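# got a predicted structure here, sequence first:
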Amino acid sequence: MTWDELDWPALDRLRDGFLRGGAASGHYWQNASDLASYDFTYGERIGWKWDHVLRELRLRGWSPRSRRIFDWGCGSGIAGRRVVEFFGAATFDELLLWDHSPVAADFAAAAASRAFPSLQVSPVTPGFLASDEPLGLLLISHVLNELSVDALASLRAMLERADAMLWVEPGTHEISRRLGQIRDALLPTHRVIAPCTHQLGCPMFRDGRERDWCHFFAPPPAGIHADSDWVKFGQRAGIDLRSLPYAFFATERTAASTDAPASIARAGETPVPAESVELSRVIGRAEHFKPYARVLSCDAAGLADLELPKRADPALFKQLERTKSPLLYHWHREGNKIVGGEPLAE
C-alpha cells in the first residue's frame, strides 16, 4: 500500500462508522482494500500507541510468559504485529486472530504471515471461542466504543481464559473510565503491570474525581508533521497529528506469577502515606507555566495534584516538558510540592 493507492472514500466511510460505533450494528469492512487503506493510516496511528505501551512494559521489566498470542477483535491485525515485532517472533509459537468480520481476520492473518514467516498464524474457529482452552497473551485494541452489551459480556468471559492481557483504547473520558472499571474487576485474580504502580482500586473513582480520567499521550514518529501525505490525511480525517491520547492496562494472572515488587501496594490494602510511595505515574501530560509545572500524579497513595517550581529542579522541569518516555517518576515531595525527582530508568 502507498499513499497513491489509498481508497479515500473508503476511509471516509470507515471513519463515519467508527464515530457512530458501527461494529455494534454490523460489519463495516467490505473488502481487503478497506483494510489495507485503514491499516496504512488509522491502523498505523494505533500502532504508535501500542509502541508507547510496549515501551512502558519494557521500562517496567515485563515480558510475556505465554508463547501464544490471541488478538481479539483484530481488525487489520496491527496490535498483534506490533507485539510480535517488539518482543521478537522467536518469543512466540502462534498468533491467533478473531474479528467479527471474517474478511478482517483473513487480512490480519495474511499480513502477519508475510511479516513473520516462521510464526504460526491463523484465525480461530467458533469452537475455540466457545471452549475453555487457554488464550495465552490476550490483546484487545480500540473496541469498547463499538461493542454491544452482549458482545461485551462475551469478551468479559474471554478474560478469564487469559494468562495476561494488554488492552489499549482511545484516551477519552468515557472510554477510559469504562476501561478502569474492567481493570478493577480483575484485581482479585490479576496483578496490574501497567500503567498503575499499585494494586488498589483505581483512585479515579473516588469522590471528587469524577472529572478525571486515566489517559496518556504517545509521541508520533519524528518528521510526521512535515510529511505532506500525513498532513493531508490529518486534514481530511479531522485528526490532530500531534495528539495521540490513549488509555490502557496490562495485567497478568496471579496464580503462577511471582510476588509484586515491594513498591507496589497489594489489592485490598488501604492507600499508603505519600512519603512511603516509591514510584508514581503522571496522568496525561505535565502542564508547564513560566514559574512552575503542574502534574496529576497517581500512585499507591492515590491521586495528587502536584506542582514543581522551576527553581526547585530546573533539569526535572525541562525533562518533564521534553521527554517522550512514559512519565514514571520517583518524586521528592514536600506536601504537594515536588522538590526533585528522577524518571524510572530505561
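That came in fine, so what should we check first?

# ok, Gly223 - how many residues close by?
8 (other Cβ atoms under 10 Å). Quick note: C-beta positions are derived from backbone N, CA and C, even for glycine.

# skip the chain neighbours and tell me the closest residue to the most far-flung residue of the chain relative to its centre.
Centroid-distance maximum for the chain: Arg311 at 34.2 Å, with Cα atoms, centre = their mean. Computed as Cβ to Cβ, 6 or more residues apart in numbering, the closest residue to Arg311 that is not its neighbour in sequence is Pro291, at 7.8 Å.

# just Arg178 next, same as before
In this structure, Arg178 finds its nearest non-sequential neighbour in Leu144, 5.7 Å apart by Cβ to Cβ, 6+ apart.

# that neighbour reaches Ser176, doesn't it?
No - taking contacts as Cβ atoms under 8 Å, Leu144 lies outside contact range of Ser176: 9.4 Å.

# common neighbours of the two, please.
Counting by Cβ atoms under 8 Å, 6 or more residues apart in numbering, the residues touching both Leu144 and Ser176 are Glu169.

# and these two? Which one has more around it.
It is Ser176, of Leu144 and Ser176, that has more neighbours when counted by other Cβ under 10 Å, with 24 against 21.

# check contacts around the more buried one.
169, 213-215, 247.

# swap in Asp99?
29, 73-75, 105, 108, 123.

# again, only using 6 Å
Contact partners of Asp99, counting by Cβ atoms under 6 Å, 6 or more residues apart in numbering, are 73-74, 105.

# now do the contacts for Asp93.
Counting by Cβ under 6 Å, 6+ apart, Asp93 makes contact with Arg67.

# go on, Gly234?
Gly234 touches Leu241, counting by Cβ under 6 Å, 6+ apart.

# let the chain start at 28 from now.
Yes, from this point I'll number from 28; that puts the last item at Gly261.

# Provide the secondary structure category for it.
helix (DSSP: H, G, I helix; E, B strand; the rest coil).

# gap between the residue farthest from the centre of the chain and Ile96?
Counting by Cβ to Cβ, to the nearest Å, the separation of Arg338 from Ile96 is 48 Å.

# so where's the stretch 78-227 of the chain shaky on pLDDT?
Within the stretch 78-227 of the chain, no stretch has pLDDT under 70.

# which parts of it are strands?
95-99, 121-125, 147-150, 163-168, 189-197, 217-221 (DSSP state E, counting those that start in this stretch).

# on that earlier part again, what about the contacts of Ser203, which are in helices?
Judged by DSSP state H, those include no members of helices.

# reformat these as a markdown table; add distance to Lys351 and neighbour count.
Shown next, in a markdown table, are the contacts of Ser203 (distance: Cβ to Cβ, whole Å; neighbours: other Cβ atoms under 10 Å):
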| residue | distance to Lys351 | neighbour count |
| --- | --- | --- |
| Glu196 | 21 | 23 |
| Trp240 | 22 | 22 |
| Cys241 | 19 | 25 |
| His242 | 16 | 22 |
| Ala274 | 18 | 25 |
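
# go through this protein and flag its longest helix.
Using DSSP H to define each element, the chain has its longest helix at helix 69-86.

# so what touches it?
Residues outside helix 69-86 that contact it (Cβ under 6 Å, 6+ apart) are 103, 105-106, 109, 113, 195, 221, 245, 247, 271, 273, 275, 277, 353, 371, 373.
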